[in-house]
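S.K.: Okay, sequence plus prediction incoming.
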Amino acid sequence: MPCSSIFRMMGRMNEHKKSLRIRDIFQLEPKNQEVPVQGWIRTRRESKQNIFFEINDGSTLKGIQVVVDKENYGDLSSLESANNGAAVEVQGTLVASPGKNQRSELLAKPEGIHVVGDSPQENYPLQKKRHSFEFLREIAHLRPRTNTLGAVSRVRNTMSFAIHRFFQERGFQYIHTPIITASDAEGAGEMFQVTTLPISDLAKSGKSPDYQQDFFGRPSFLTVSGQLEAEIYALSMKNVYTFGPTFRAENSNTSRHLAEFWMIEPEMAFCDIDCNMDVAEDFIKFILKTTLEEREEDMNFFNQWIEKGILDSLQRVSESTFHRITYTEAIKALEDSGAKFDYPVSWGMDLQSEHEKYLTEVVYKGPVMVTDYPKEIKAFYMKLNDDEKTVGALDVLVPRLGEIIGGSQREHRKDVLIRRIQEMDLDPEDYWWYIDLRTYGTVPHSGFGLGFERVIQYVTGMQNIRDVIPFPRTVNSAEF
RNA sequence: UCCCCUGUAGCUCAGUCGGUAGAGCGGGUGGCUGUUAACCACUAGGUCGGCGGUUCGAGUCCGUCCGGGGGAGCCA
């Protein structure tokens, strides 16, 4: 181990004098040194001479084996409550393990195991076997103690930091865009209303609400996107990104939707659609590589138990060059394929998920970036192309998941922007500050958004989005 | 929101033609073993999601409500 790691580890030890994390202990050469451990018991097995515990503290997938030598331990009755789920502190010595499945293990010192909090076995819900994810969702307060949810949690943490690192290393500023917005015209889906008006009383009285009496003096909502605000900062900081919670009140109950999710939205000034694609491609590859490198144990677990072959698949994508095609070329490729689709292909339609999958999995066998969609099926703020028919939209499609990124070059020409707002039957007055940015120092700029949980699903292979966020909020579900 | 599936022991499920309930795991007890999803034996554990209907009789058939899952749409 390099000196720097040892110093870091000693630093951690001094901060938390009582124990090392199990991840750090596994890095040590076993030579009978004293090592304290704090964690929760995953399994207990007993033999004639020994009791074996596996202790997990969340720092690794596999816990450390603690061995009790029954003859020399002393009072064994204190271990009666050392059962699955119990919190324990262990004083032991680190020794090489004669067993097959671990390099080192902890030999408990006499009376060296202290049960801090016991765990009655009659009703402890977590058993030493596979549980359904549906069941685990009902015990979201205990599910991070399982192998899968623990691995998801560590991968999620690593990916969060990889995302920040990607942008920070490239000089992007992290911008905190507002959670509450008074604009209901962002057009990205149903919004949750935020109010301090006494709605129960209003309902009884039958009166309609007077929003001038509401907290902000006007209707307000939870944000569905930080993009418009991110554009403000991009037009002064050049490169910025947001990474925060986002809310959609859609009544959709699927394995890919949440009412509350985390979204990443970079926004770059002096950046056209090609520049946008460069950043998006580098971004995806960076996250994949970092996760594969830094979470090897967890990723092997997903590869074995959740989605066979996912390691190879992610590795390939992280080293590939993404295909770049226009919407028009995509439509032609689908038409020429001769494949039968539930939704027939024609220019002007939006690509359905079956089409996206066909493009990535059959036609190009890898990630595809599709640009220049018909203006009718995209938002008003996307830059109108010279053909007046298409806009500078960008979708990044990957095998297995489909669309992972949606973005565009933004319309930076004031007159065109106003015209597009009017064409969409929106009121330019509502966007006065957005238009103002096109009056003072406007510049071509671009950005994209991606749902953090979707990316975690893609990387882990987890089927249901509710299992990659600690506390999922969906229709009729906000327990915990 | 639409379509399909599903609800039986703490968990995962079986339950035939309508005749008052079964397995594995988990729990408890005992045994065996440097064990590792440990193993073996015994044992306890059920208002079959709720309500209503058909029937001599409903876990089983019908209606309805509630919960869960999958797919679609929409999206991230």
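M.R.: Sure, I can see it. Remember, it's a predicted structure, so these values are computed and weren't measured experimentally. Residues are numbered from 1 along each chain as shown, chains lettered A, B, ... in the order given.
S.K.: So the closest residue to residue A:83 other than its chain neighbours versus RNA strand B, what's the distance?
M.R.: The spatial neighbour of residue A:83 that comes closest, neighbours along the chain excluded (CB to CB, 6 or more residues apart in numbering), is residue A:121 at 5.2 Å. Every C-beta, even on glycine, is put in place using the N, C-alpha and C of the backbone. Noted for residue A:121: a distance of 3 Å to RNA strand B, by CB to the nearest atom of the strand, to the nearest Å.
S.K.: Would you mind listing what in the stretch 301-450 of chain A touches RNA strand B?
M.R.: Taking CB under 7 Å from any atom of the strand as the test, the list of the stretch 301-450 of chain A residues beside RNA strand B reads A:343, A:350, A:352, A:353, A:354, A:402, A:403, A:404, A:405, A:406, A:449, A:450.
S.K.: The last one belongs to a strand?
M.R.: Yes - going by DSSP: H, G, I helix; E, B strand; the rest coil, the assignment for residue A:450 places it inside a strand.
S.K.: which one is it nearest to, not counting chain neighbours?
M.R.: Closest residue to residue A:450 in three dimensions, ignoring its sequence neighbours and counting by CB to CB, 6+ apart: residue A:405, at 4.7 Å.
S.K.: three-state assignment of that neighbour?
M.R.: Following three-state DSSP, residue A:405 is assigned to strand.
S.K.: wait, it sits on residue A:396?
M.R.: Yes - taking contacts as CB atoms under 8 Å, residue A:405 lies within contact range of residue A:396: 3.8 Å.
S.K.: still on that earlier bit, I figured the residue nearest to residue A:83 hits residue A:82, correct?
M.R.: No - the pair residue A:121 and residue A:82 fails to qualify as a contact (CB under 8 Å) at a distance of 11.1 Å.
S.K.: between these two, who's got more neighbours?
M.R.: In terms of neighbours (other CB atoms under 10 Å), residue A:82 is the more surrounded of residue A:121 and residue A:82; the figures are 22 against 13.
S.K.: Could you confirm the more buried one falls within a helix?
M.R.: No - assessed with three-state DSSP, residue A:82 is coil; it does not lie in a helix.
S.K.: which residues does it contact?
M.R.: For residue A:82, the set of contacting residues under the criterion of CB atoms under 8 Å, 6 or more residues apart in numbering consists of A:41, A:44, A:53, A:88, A:113, A:115, A:118.
S.K.: Tell me if I am right that residue A:36 is in a helix.
M.R.: No - when the secondary structure is assigned by three-state DSSP, residue A:36 falls in strand instead of a helix.
S.K.: since we're on it, how many residues are nearby?
M.R.: Neighbour tally, residue A:36, other CB under 10 Å: 18.
S.K.: Could you do the one 4 residues further on as well?
M.R.: By the other CB under 10 Å criterion, the neighbourhood of residue A:40 contains 20 residues.
S.K.: could you list every residue that touches the closest residue to it other than its chain neighbours?
M.R.: Spatially, and ignoring its direct neighbours in sequence, residue A:40 is nearest to residue A:87 (5.5 Å; CB to CB, 6+ apart). Residues near residue A:87 by CB under 8 Å, 6+ apart: A:38, A:39, A:40, A:115, A:116, A:117, A:119.
S.K.: picking up where we left off before, out of the contacts of residue A:82, the closest to residue A:132 would be?
M.R.: Ranked by distance to residue A:132 (CB to CB), the contacts of residue A:82 are led by residue A:41 at 22.8 Å.
S.K.: how much space is there between the residue of chain A positioned farthest from its centre and residue A:49?
M.R.: Distance from the C-alpha centroid of chain A, by CA atoms, centre = their mean, peaks at residue A:71 (48.7 Å). Between residue A:71 and residue A:49 the distance is 7 Å, computed by CB to CB, to the nearest Å.
S.K.: Can you tell me which residue of chain A sits closest to RNA strand B?
M.R.: Closest contact between chain A and RNA strand B, by CB to the nearest atom of the strand, is at residue A:99 (2.2 Å).
S.K.: Report the secondary structure element holding that residue.
M.R.: Using DSSP states H and E, residue A:99 sits within no helix or strand.
S.K.: Can you report how many residues lie near it?
M.R.: 11.
S.K.: returning to what we had before: sort out for me which of the contacts of residue A:87 are in strands.
M.R.: With DSSP state E as the criterion, strands contain A:38, A:39, A:40, A:115, A:116, A:117 from among the contacts of residue A:87.
S.K.: Good, we can wrap up now.
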